[in-house]
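Chemist: this one's structure only:
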């Protein structure tokens, strides 16, 4: 968790999916904890009404807080499977630096752009995120917002996650900001 290698794993998987020649419209990363709360057919039908859209949930108006909390202004280096903070850095000027959830649903055209494009945006972001923690939580968002695909953005990832912590939330009462124990899954009644 938080290693830059997760981003490169996701990009390698996206590239392999394209190379396999599968006929697909969307790629959705899921975890072992994901489960449907509606029929799969209903989700597929919804996606058919939004063809070409890319679903990435952002942190909304809290972007500066997100950038600081995610360490985007810090430089990290991965060595021996550990991410070490090695210094401070500025976010490169001229881009909308956006982030949120790393659970994304990407359209085939955007996936193709990310893994085959050699333009300055993709190269620059790939290099920037090589020295970042939690890279998938903003790489896809920032690439989407700053590319020709910006108008395909949908602020959703079709997940319900309870991020509330504390005694009265039904979750564990750990208050350390980095510890998300008990936040999700959560009973929905």
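Modeler: That came through, no problem. Bear in mind the structure is a predicted one, so any value in this text is a computation, not a measurement.
Chemist: switch to C-alpha atoms for all contacts and neighbour counts from now on
Modeler: Noted.
Chemist: Which strands or helices does the lengthiest helix in the chain pack on?
Modeler: The residue-count maximum for a helix in the chain (DSSP state H) belongs to helix 5-19. Under the contact definition 3 or more C-alpha pairs under 8 Å, 6 or more residues apart in numbering; DSSP states H and E, helix 5-19 sits against helix 108-116.
Chemist: packing partners for the helix it packs on?
Modeler: helix 5-19.
Chemist: avg pLDDT for the helix it packs on?
Modeler: Helix 5-19 carries an average pLDDT of 95.
Chemist: Report the buried residues of that helix.
Modeler: Neighbour-count burial for helix 5-19 flags 5, 7, 8, 11, 14, 15, 17, 18 (criterion: 16 or more other C-alpha atoms under 10 Å).
Chemist: Pull the distance from it to the chain's centre.
Modeler: Centroid separation for helix 5-19 versus its chain: 13 Å, with C-alpha atoms, centre = their mean, to the nearest Å.
Chemist: Neighbouring strands - and their directions - for the helix or strand that it is followed by?
Modeler: Next helix or strand after helix 5-19 toward the C-terminus (DSSP states H and E): strand 26-28. Strand 26-28 has its sheet partners listed here by DSSP bridges as strand 100-107 (antiparallel).
Chemist: what comes into contact with the strand it pairs with?
Modeler: 25-30, 51-59, 66, 136-138, 141, 157 (C-alpha atoms under 8 Å, 6 or more residues apart in numbering).
Chemist: Quick one: work out the angle between that strand and helix 108-116.
Modeler: 110 degrees (axes from the mean of the first three to the mean of the last three C-alpha atoms, to 10 degrees).
Chemist: tilt between strand 100-107 and helix 5-19?
Modeler: Relative orientation of strand 100-107 versus helix 5-19 (the same axes, to 10 degrees): 10 degrees.
Chemist: Can you show me the helices along the protein?
Modeler: Going by DSSP H, the chain shows helices at 5-19, 40-48, 63-69, 108-116, 120-130, 139-145.
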